[in-house]
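In: I'd like to go over a predicted model; first the sequence, then the structure.
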Amino acid sequence: MSLDSVFSIAGSGMNAQSLRLNTTASNLANADAAASSIDETYRGRHPVFSALSDTLALDKNTDASVGVGVLGIVESDAPLQPRYEPNHPLANDEGYVYYPNVNVVEEMTNMISASRSFQMNVEVMNSAKQMMQRVLTMGQ
């Protein structure tokens, strides 16, 4: 594997963690969004990742599709939170208001994890850049 492929691998990791941060921010922004029915209630979203690797291409030292791939974003199937609030303007006929299935503590943990993963990918890129610069100065 060449140092050039390190940049594409770390870059794909940064893109994946950026998407993870965006979905976490969306979940946190909608954590207290009330709705009058189950169908209208916001549901937490989470990205699904896959590892991209082409071992044949790695063995031949050619460009390979390696890194992190995003398969999609799925909605959480955790139960929604119905609350009995008959005076709420969005209460249904039975007096219930539905809140999202977003756990704020889990989302904050996801945000910290994604942020640190993004930072580690930046460090990998910086290390690869420094190694390439040192290789270039060896000939002087």
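Out: It's in.
In: give me the element the residue nearest in space to the middle of the chain is part of.
Out: Nearest to the geometric centre of the chain sits residue 20, at 1.4 Å (CA atoms, centre = their mean). Taking DSSP states H and E as the criterion, the element that holds residue 20 is helix 3-29.
In: quick check: next helix or strand after that helix?
Out: The C-terminal neighbour of helix 3-29 among helices and strands, as given by DSSP H and E, is strand 45-52.
In: where's the residue nearest to the centre of the chain relative to residue 140, distance?
Out: Distance from residue 20 to residue 140, counting by CB to CB, to the nearest Å: 42 Å. (Glycine included, C-beta is placed from N, CA and C.)
In: check residue 29 too.
Out: 53 Å.
In: number of residues surrounding the residue nearest to residue 18 when sequence neighbours are not counted?
Out: Spatial nearest neighbour of residue 18, chain neighbours left out: residue 118 (6.8 Å); criterion: CB to CB, 6 or more residues apart in numbering. Per other CB atoms under 10 Å, the neighbour tally for residue 118 reads 19.
In: and for residue 6?
Out: Other residues within reach of residue 6, judged by other CB under 10 Å, total 18.
In: look at it and report its pLDDT.
Out: Residue 6 carries a pLDDT value of 88.
In: the longest helix along the chain relative to helix 3-29, how many degrees between them?
Out: Counting residues, the longest helix in the chain under DSSP state H turns out to be helix 104-138. Put simply, helix 104-138 runs at 160 degrees to helix 3-29, going by axes from the mean of the first three to the mean of the last three CA atoms, to 10 degrees.
In: quick one: mean pLDDT over helix 104-138.
Out: Helix 104-138 comes out at a mean pLDDT of 93.
In: what comes up buried for it?
Out: Judged by neighbour count (16 or more other CB atoms under 10 Å), helix 104-138 contains these buried residues: 107, 110-111, 114, 117-118, 121, 124-125, 128.
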